[in-house]
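Visitor: Sequence below, structure please.
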Amino acid sequence: MAILCALLVTFEVEITAPGAMGQIRVESKTRPSNNHLVPPNFSSSDVNTVANPRTPPGDLQLNISWDGLDIHLNPYPYQVSADIYVDGIPSGYQVDPKDSTNIYLPSVVHAITLVVSYGSRISPPSRTIHSKVSFPKPAKVERGLPFGPPLFPSSTDPMLNCQGSGEILGDHPGWSSSTAVKLTVVTVDPNNFGIYWCPARAPFGAGVISFTVTATPDAITCETTDTYCLMPNTIDGKYFTIMATDRTGSYQGTTPVVPNSGLIESCTNLVNWCNVDAVNENYPTFGNLAPELLGDCTFAAVADWEEAYLGLTQSTSQIVAEFTRATGKKKNQLTNDEVFAFWQRYGIGDTFLKSANHISMDPVTLKNNLDMPINRDLIAQVELTAGENFAGYQMATSGYHWIVVDGYTPKGPVIITWGQILQMTWQQWNYDALNVWSITTK
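Guide: Residues are numbered from 1 along each chain as shown. The predicted structure follows:
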C-alpha cells in the first residue's frame, strides 16, 4: 500500500519513410479515449466488517475491495489505485484494482467512498457506502487468579535480621553493601530451593521494587515483589544472584547474563501468573536473518507486531521494499524516531502509526501493560553484546535490536524475533532492554 509503483506505458513506433525526414508515429495502446474520469464502481458488497479478535479494542476492521472499474464497468488508465475516503476525509489508504485493503476505524458507522486520480485529473467520489454497525470487542478474558506464591514450611524461614538493609543514597533500588543483601538459600525438598533475602530500598527511586533471582548455570529465574521465592528443579552446586529493579532501573553490577535455551517455559496460573499466546506460530524473517542480513530489524518488528496484534500477515517483499525506501541510498540503520516517522507518514505493511508511547521497562510495569487488553503486544529495543547468548542465539556482533514482546512466563518475557517465538529471562531483560513502546495505529 505504501509502495509507489512506476506506471508501465507501452508504445508502438512506426517510421513511415526512410531518410533524414522520416515521419514517426507514436501510438499508445492504452491511452484513454476520454478526457475525463468518471466515478469508480463501488457497492455495498465491497465493504465488509471483519470479525478479528486481534483488532485494537474499540476499533473496527473493514475490508475494502475494488474491481478496478468505473461506474460504466470500464477499466481506468494503466490500472491506477483508488484512494479511500472515510467520512469525506482521505484516510491515507489505497486499494488496488481487483484487490482489497484492511483499515481500522472506531466502532461506529462510517461513510466510505473511493476517488481515483490520474495525472492532474481527479474523479468524482464513488457512491457512498456505509460500514456496518459493529459492537465493541469484548474485553480480554481474564485468566483465573493464581493461588499465590508457594508456601514454604515455616521451618525453612531463616528469620533474617534485615535492620538497615537497603540502598541509602542510590538512584536505583539496591543494597548499600553485599552483606546487606543477605541472600539465603534453604532446601525445601531434594529438588527445590527456597531463596530468602532482605528488601532493597531506593531513596530516589520510583514505582514498585521487584527482585530477580537467577541460578547459574541453567538460568532458572524467579521474578517477584516478595522477599522470597521458590527455585524449582535446582540442586546443590548452583550459584544464585539477585537484582532489584524499579521504574528507574537497577544496579546491574558485573554479574554476566546467564545463557538460556530460548525455549518457552511451561507455566500454570495455579502457581504463577502467565500471559502466553500460542507459541507454535512461525513468522517471516523479513530479510532479518542470515543469509539475507538486510538489517531491517525495526521494520521486521513492526511487521511481527502487526501479525501478533492485528492478525495481519505481511508480504516480505513489501516490508523489504519499504525499508529500502526509508533508508534510500545511505545504507544506514535507522534511528527509532526515523522508523516511527516513516511508519506514521508512509505506512509500514498495511498500517499507519498513530502513536508510540514509552512505558517503563521494569518487570512489574511490563507485565501490567501486557495484561491490558489495549496493549497485549509491545515493541521493544534491546542492546546486544558480541558473545552474548540472547534467547538461545549467540551474538556475533554488538548492536541494537528491535523485538516484539508478546507475553511472559515466570522465567521472563516471551518475544518474537528472527521468525521465532523465544523466551528471555528476567535477568537478561533487566540488562538488555533500552526502550519499550505501546503502539496504536490508524
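Visitor: ranges for the helices of this structure?
Guide: Assigned by DSSP state H, the chain shows helices spanning 178-181, 297-310, 316-327, 336-345, 363-370, 426-432.
Visitor: Out of those, indicate the one that is most buried.
Guide: Ranked by mean neighbour count, those are led by helix 297-310 with a mean of 26 (mean count of other CB atoms under 10 Å). Glycine gets a C-beta too; all of them are placed from N, C-alpha and C.
Visitor: then that one to CSV, C-alphas only?
Guide: The C-alpha coordinates for helix 297-310 follow below in CSV (Å, rounded to 0.1, in the frame of the first residue of the first chain):
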residue,chain,number,x,y,z
CYS,A,297,15.1,-5.5,12.4
THR,A,298,13.0,-2.4,13.0
PHE,A,299,10.6,-3.0,10.0
ALA,A,300,10.6,-6.7,10.7
ALA,A,301,9.5,-6.0,14.3
VAL,A,302,6.7,-3.7,13.0
ALA,A,303,5.5,-6.5,10.7
ASP,A,304,5.7,-9.0,13.5
TRP,A,305,3.7,-6.7,15.8
GLU,A,306,1.0,-6.3,13.0
GLU,A,307,0.7,-10.0,12.8
ALA,A,308,0.7,-10.7,16.5
TYR,A,309,-1.6,-7.9,17.5
LEU,A,310,-3.8,-7.2,14.4
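Visitor: Taking helix 336-345 as reference, get the angle to that helix.
Guide: Counting by axes from the mean of the first three to the mean of the last three CA atoms, to 10 degrees, helix 297-310 points 50 degrees away from the direction of helix 336-345.
Visitor: Do I have it right that S65 meets V95?
Guide: Yes. Between S65 and V95 there is a contact under CB atoms under 8 Å: 6.9 Å.
Visitor: okay, the two: which has more neighbours?
Guide: For S65 versus V95, neighbours defined as other CB atoms under 10 Å are more numerous around V95 (24 against 15).
Visitor: State the distance from that one to F342.
Guide: V95 sits 22 Å away from F342, going by CB to CB, to the nearest Å.
Visitor: Likewise for G262?
Guide: 30 Å.
Visitor: before we move on, what about V38?
Guide: Taking CB to CB as the criterion, V38 is separated from F342 by 35 Å.
Visitor: What about I195, how many residues nearby?
Guide: Using other CB under 10 Å, I195 is surrounded by 23 other residues.
Visitor: Mind listing the residues bridging to it?
Guide: Bridge pairing for I195 (DSSP bridges) gives the partners V185, C229.
Visitor: how does the chain divide up, domain by domain?
Guide: Following automatic domain parsing, the chain resolves into domains at 44-130, 154-245, 297-441.
Visitor: first to last residue in the last one, what's the distance?
Guide: According to CA to CA, to the nearest Å, domain 297-441 extends 19 Å from its N-terminal end residue to its C-terminal end residue.
Visitor: cool, stretch 174-187 as well?
Guide: Chord length of stretch 174-187, first to last residue, is 25 Å (CA to CA).
Visitor: Next: stretch 44-60.
Guide: OK, stretch 44-60 end separation, CA to CA: 17 Å.
Visitor: chain center to it, what's the gap?
Guide: Averaging C-alpha positions (CA atoms, centre = their mean, to the nearest Å) puts stretch 44-60 20 Å from its chain's average.
Visitor: Show me the residue at the heart of the chain, geometrically.
Guide: Among the residues of the chain, the one closest to the centroid is W305, at 3.1 Å (CA atoms, centre = their mean).
Visitor: Which residue, neighbours along the chain excluded, lies closest to I122?
Guide: Using CB to CB, 6 or more residues apart in numbering and skipping the chain neighbours, the partner closest in space to I122 is V115 (6.4 Å).
Visitor: ok, what's across the strand from that neighbour?
Guide: D83.
Visitor: quick one: it from D59, how far?
Guide: V115 is 23 Å from D59, by CB to CB.
Visitor: Let me see the confidence value for N192.
Guide: On pLDDT, N192 comes in at 77.
Visitor: oh sorry, the question was meant for V50
Guide: 83.
Visitor: try the one 4 residues further on
Guide: Reading off the confidence values, R54 has pLDDT 71.
Visitor: same question, D157
Guide: For D157, pLDDT reads 76.
Visitor: wait, isn't it in contact with Y196?
Guide: Yes. Counting by CB under 8 Å, Y196 is a contact partner of D157 at 7.1 Å.
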